[in-house]
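# Show me the folded form of this:
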Amino acid sequence: MPLPPYRQGRILWARLRAQSGKKELHPSVIITANRDIVQPEDFDPRHNLNAANAVAVIGVSTEFAKYPPYVLLPYSPNKGGHALTKLTQACGACIGWYDWVVLEDDVEGKGGDVPPAEMDQMMTAIAKDLTKKLKTKAATMNQDLSQLHELLALLIGEA
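As a prediction, this is how the structure comes out:
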C-alpha cells in the first residue's frame, strides 16, 4: 500500500510566519498525527463550513543555530539531496516555530520524510516545549483568576 501524500514527518515547502511577522517560504515538517490528517481527496468543506483542512508543522531553517533548541535533519549536498529527506543543505527543525499549513492551498512543494530517530527526537522536544508553555500560561491564568476573585469580593462586599 503506498504512503499517503501527507503524513507525520513529511517535509513540505510552505509560507510560514517568520520572526519578522511576514510569511516566508520555508521547508517544514508535518507534526500532526497521521490519524488526524485528512488527505485532500477525502476533504469536503460542505460537511463543515468552518473547517479548514490544515496540518500543524514545525519550521525548518538553514539558520537553525540562531534559534535553539533545534533538531538537525539529515541532508546531502549531492544532486537530489539526502535519500530520505531530499534536503540538500544543513538545516534544523526549530523547536517553538509552529504554524498551520492548509492542504493543498499553502503547499508549494513536497520533500521527503524525516527519519524515525530524528522524528522521535523532534516530537520529544516539542512535547517539552509545549508543556513548558502550558505551565507558564496556567500560572498566568491562576494569577489572573486570583485577582478577579479579589475584585469580585470587593465588589460584592465580602472582603
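# Which residue lies nearest the spatial centre of the chain?
residue 57 (2.8 Å; C-alpha atoms, centre = their mean).
# This structure: helices as residue ranges?
Secondary structure of the chain by DSSP state H: the helices cover 116-156.
# coming back round to it: which residues sit in contact with the residue nearest to the residue nearest to the centre of the chain when sequence neighbours are not counted?
Using C-beta to C-beta, 6 or more residues apart in numbering and skipping the chain neighbours, the partner closest in space to residue 57 is residue 28 (3.8 Å). In short, each C-beta sits where N, CA and C put it, glycine included. Counting by C-beta atoms under 8 Å, 6 or more residues apart in numbering, residue 28 touches 11, 12, 13, 14, 16, 57, 58, 59, 60, 99, 101.
# so of those residues, which ones are in strands?
11, 12, 13, 14, 16, 57, 58, 59, 60, 99, 101 (DSSP state E).
# Surely the fifth one and residue 22 touch.
The reference is to residue 16. No - in this structure residue 16 lies outside contact range of residue 22 using C-beta atoms under 8 Å: 9.9 Å.
# More neighbours: which of the two?
When residue 16 and residue 22 are compared on other C-beta atoms under 10 Å, the one with more neighbours turns out to be residue 16, at 24 against 9.
# Distance of that one relative to residue 67?
Taking C-beta to C-beta, to the nearest Å as the measure, residue 16 falls 13 Å from residue 67.
# shared neighbours, those two?
Joint contacts of residue 16 and residue 67 (C-beta under 8 Å, 6+ apart) are residue 97.
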